[in-house]
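1. task: produce atomic coordinates for the following.
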Amino acid sequence: MKALAAAYPGRIGAAEFRENSTADTGDWAVQVGETWFYYAQGRLLPENLRNRYAEYDPQPFYNYPAELPPWKDPTPEETERFKDSAQRRAANPPKRSQHFYDALWRASTREESYDRVKTIRFLGRSVMVHYSIMEELALVEERILNTAKTNAQVRQWMNRLDSLAGWNWRSIADTQSRSFHAYGTALDLLPTSYGGLQTYWLWTAQNFPAWWAVPYERRSSPPEAVIKAFEDYGFIWGGKWLFFDTMHFEYRPEILILNNLPVKTAN
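-> The predicted structure follows:
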């Protein structure tokens with residue numbers, strides 16, 4: 001909760017441990033607008049739903065490494081664990097409470113969300129994003145363009161970039177949870193060709209049932225300098241997830257702060 005407060009200082013008040021008459025014990029909470037949101041076993045719920053946390057899956061707060069760990073083929077035990085995780089996800093699509101991020105981005109409906117997005121130019125392509133991350137994206141772009149002047153790999157990646165996908169009012173594929181694309185705070189960078197490489201675990205699973213065992217060199221990834229540019233300004237990269245999505249970046253500075261990784265401010 002302290003990471004959330006640090007990540008969005010203009011939108012969230014300081015984290016507080018609050019007692020509550022509707023619960024037996026206190027809990028950490030942050031205030032967005034007039035509403036207090038409680039940790040509630042990781043569900044981030046408003047006060048009136050605080051005791052109903054069992055109806056939702058936890059919000060994704062997780063270890064996010066500064067660098068991809070060296071590739072190791074999954075052990076039999078890891079293979080069983082990954083397989084079980086995928087099967088449980090398919091059998092019970094995750095359903096997370098959207099209340100906190102709806103309030104944070106002031107977008108609880110498609111119409112409200114659409115009112116919050118603007119069309120910008122990023123690396124020469126048009127994309128719709130939430131207006132409040134426009135400056136961060138401008139700084140990411142500036143870093144990438146400056147790096148491309150001396151980094152051939154980044155220049156080649158930019159030349160192969162086809163289109164961008166930003167705002168899209170939808171849920172995460174195969175879940176009951178709202179995508180960060182629905183707020184305009186996620187960005188997919190789509191190349192003209194993947195060159196036979198894998199980019200998204202769900203697509204990969206159609207041809208490779210053991211998708212988690214696809215090594216890094218068989219995955220399509222942006223150059224490290226591009227990933228670092230995004231991370232420095234509060235974006236996380238889906239290539240570091242088990243359920244990998246190497247074309248995907250989303251604005252989640254709280255994840256970086258939670259993992260003691262530096263985040264530059266736009267000011």
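2. ranges for the strands of the stretch 151-267 of the chain?
-> 161-165, 186-191, 235-237, 248-251 (DSSP state E, counting those that start in this stretch).
3. mind putting those into CSV with distance to Trp201 and mean pLDDT?
-> No exception for glycine: its C-beta is placed from N, CA and C like everyone else's. Converted to CSV, these look like this (distance: least, Cβ to Cβ, whole Å; pLDDT from 0 to 100):
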stretch, distance to Trp201, mean pLDDT
strand 161-165, 17, 96
strand 186-191, 14, 96
strand 235-237, 14, 98
strand 248-251, 11, 98
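4. quick one: which of these is nearest Glu19?
-> strand 248-251 (32.6 Å; Cβ to Cβ).
5. in terms of secondary structure, what does that closest one contact?
-> Using 3 or more Cβ pairs under 8 Å, 6 or more residues apart in numbering; DSSP states H and E, the elements in contact with strand 248-251 are strand 186-191, strand 235-237.
6. care to break the protein down by domain?
-> 1-56, 64-258 (automatic domain parsing).
7. start and end of the longest one, how far apart?
-> The first and final residues of domain 64-258 sit 9 Å from each other (Cα to Cα, to the nearest Å).
8. what about that domain, distance to the chain center?
-> Domain 64-258 sits 6 Å away from the centroid of its parent chain (Cα atoms, centre = their mean, to the nearest Å).
9. before we move on, back to that, of the strands of the stretch 151-267 of the chain, which is nearest Val140?
-> Going by Cβ to Cβ, the one of the strands of the stretch 151-267 of the chain nearest Val140 is strand 235-237, 7.1 Å.
10. what pairs with the closest one, parallel or antiparallel?
-> As defined by DSSP bridges, the strand partners of strand 235-237 come to strand 248-251 (antiparallel).
11. ok, residues contacting the partner strand?
-> 130, 133, 136, 180, 185-189, 200, 230, 234-239 (Cβ atoms under 8 Å, 6 or more residues apart in numbering).
12. do stretch 160-172 as well
-> Applying Cβ under 8 Å, 6+ apart, the contact partners of stretch 160-172 are 94, 110, 113-114, 117, 122-123, 125-130, 177-179, 181-184, 186-193.
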